[in-house]
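In: sequence below, structure please.
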Amino acid sequence: MSTLQRILFFFVLPIISPLFLPPQILQNGFVGIIVEIILFAILGFFLLRGQSTALTLTIFIQGLNAIVRIMMLFPRANYTDGTANFIYIFTSLVSIALSIYLVLRLDRVDVRTQMVN
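Out: Okay, the predicted model is just below:
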């Protein structure tokens, strides 16, 4: 894995995936956004140091994100007046796809070999 791939898979994509929400939801959760960024920055630091527990926790959180997004997709896909909430649908589908990709990618052999120092 190159350095750019490590930064992308250990820092950037895990932070973006749970935060990919519509702007009206994000504007109400500033403290949650900061906590999430700090959590994944710490996990990324431990991943770069080769901690396999951090890898397991990152895979677990990304899998949990995908499951929760799938469960909440249909109940929140429409507004109360019955019109479709296309922004929420789009952001949820992108977040689900990104989380599933990360779960599958981080569980590969080349990433696991990076964990052994």
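In: what is the burial count for L55?
Out: If you count neighbours by other Cβ atoms under 10 Å, L55 ends up with 20. All C-beta spots, glycine's among them, are computed from the backbone N, C-alpha and C.
In: looks like it contacts L47 (just checking).
Out: Yes - contact criterion Cβ atoms under 8 Å: L55 and L47 qualify, at 6.0 Å.
In: residues that sit against both of those two, list them.
Out: Residues touching both L55 and L47 (Cβ atoms under 8 Å, 6 or more residues apart in numbering): M115.
In: so, low pLDDT: which residues of the protein?
Out: Flagging of the chain using pLDDT under 70 yields the residue ranges 116-117.
In: tell me if I61 really is in a helix.
Out: Yes - secondary structure of I61 (DSSP: H, G, I helix; E, B strand; the rest coil): part of a helix.
In: from here on, count from 17
Out: In the new numbering, first residue 17, that becomes I77.
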